[in-house]
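Student: can't give you the sequence, but here's the structure:
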Ligand SMILES: Nc1ncnc2c1ncn2[C@@H]1O[C@H](COP(=O)(O)OP(=O)(O)OP(=O)(O)O)[C@@H](O)[C@H]1O
């Protein structure tokens, strides 16, 4: 498989404080790579660094090679054109991403207008196809519906429709289904996987839920205090975790704790144990 995304020695500082220490990884077309670690380990910072959505005062260095070009060196205007069109992101909280008083069809159409040159009738048709594809029409949701009238799972489907509207090559999903009950979570994640296969989309999935990761991801990156301490294929990582921190995370999951711990896992950060070149 060829690399869709190749992150090389990416690091992030908040002022003088290191949030991400230099880390490297790749995502291939059609591949789902999960990023996990306890709360505060830097998962969301990584996602936001890739999307250039970090707050003022954060500084990023390293290379982010996406479809052959270094995003880190791309002027803001070119990056804005790419964001949403070639790289899309979906978040946990749909009500912050959706306008509660604007019909969902209009909001999906806005994404299409922003990035494409479709005429209005084409946009309406495309919006309808997207609503069909993410299973909303089937559930009685129409382009005329407002976000507040939808369930949590339905809102996530609207976000997915917006994310895939321009057929991005990479989807970054940050704790996308965390707020949903486990059945809805599984349904939405299955849909994400189907869409990934259909569009040959690479997925970078941020999650602390090891059950979801094991089911969905082909590879896993483990972050501890901003360090990439282990990276491996999913089955190998679960069967023979190399880093003590990964073993501690898996141990907690075995005991039914699927949420990030409030206190830091007391395992020394040692990046030499789990990361393969
Ligand atoms: N605006 C900020 N200024 C300084 N430090 C910050 C800021 N935002 C986050 N951090 C720090 O960056 C580190 C990584 O946070 P991040 O939100 O990326 O972790 P996370 O793994 O996504 O956590 P969670 O699972 O709780 O979402 C934390 O130590 C956090 O305190």
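Tutor: It's in. Since the structure is predicted, the reported quantities are computational estimates derived from the model, not experimental observations.
Student: going forward, measure contacts and count neighbours with C-alpha atoms only.
Tutor: OK.
Student: residue ranges with poor pLDDT in the stretch 1-150 of the chain?
Tutor: Filtered on pLDDT under 70, the stretch 1-150 of the chain yields the residue ranges 1, 94-95, 117-118.
Student: which residue ranges form the strands in the protein?
Tutor: Under the criterion DSSP state E, the chain contains strands at 3-14, 17-28, 32-36, 58-66, 69-70, 87-90, 170-174, 202-206, 219-224, 227-233, 274-275.
Student: tally up the residues packed near residue 103, please.
Tutor: By other CA atoms under 10 Å, 18 other residues sit near residue 103.
Student: from memory it sits against residue 149, does it?
Tutor: No - Residue 103 is not in contact with residue 149 according to CA atoms under 8 Å; the separation is 10.3 Å.
Student: would you mind listing what in the chain touches the ligand?
Tutor: Within the chain, the positions adjacent to the ligand are 14, 19, 38, 39, 40, 41, 42, 43, 44, 45 by CA under 6 Å from any ligand atom.
Student: try it again with 8 Å
Tutor: With CA under 8 Å from any ligand atom as the criterion, the chain meets the ligand at residues 14-15, 17, 19-20, 36-46, 55, 57-58, 207-208, 223, 225-226, 260.
Student: buried subset of those residues, written for ChimeraX?
Tutor: In ChimeraX, this line selects whichever of the residues of the chain next to the ligand come out buried by 16 or more other CA atoms under 10 Å:
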select :19,20,36,37,38,39,40,41,42,43,44,45,46,58,207,208,223,225,226,260
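Student: contacts only, for the residue most central in space within the chain.
Tutor: In the chain, the residue lying closest to the centroid (CA atoms, centre = their mean) is residue 173, at 2.0 Å. Contact analysis of residue 173 by CA atoms under 8 Å, 6 or more residues apart in numbering lists 89, 90, 91, 203, 204, 205, 206.
Student: try 6 Å this time
Tutor: By CA atoms under 6 Å, 6 or more residues apart in numbering, the contact list for residue 173 reads 89, 90, 205.
Student: let's see if you can find the most crowded of those.
Tutor: Highest neighbour count within those: residue 205, with 27 neighbours (other CA under 10 Å).
Student: what's next to stretch 185-200, contact-wise?
Tutor: Stretch 185-200 is contacted from outside by 29, 30, 177, using CA under 6 Å, 6+ apart.
Student: quick check: mean pLDDT of that stretch?
Tutor: Across stretch 185-200, pLDDT averages out at 89.
Student: buried ones in that stretch?
Tutor: Under the neighbour-count criterion of 16+ other CA under 10 Å, stretch 185-200 has 185, 186, 188, 189, 191, 192, 193, 195, 196, 199, 200 buried.
Student: narrow the residues you listed to those in helices?
Tutor: Within these, residues falling in helices by DSSP state H are 185, 186, 188, 189, 191, 192, 193, 195, 196, 199.
Student: name all residues that make contact with the closest residue to residue 23 other than its chain neighbours.
Tutor: Closest residue in space to residue 23, ignoring its immediate chain neighbours: residue 9 at 4.6 Å, by CA to CA, 6 or more residues apart in numbering. Going by CA under 6 Å, 6+ apart, residue 9 touches 22, 23, 24, 62.
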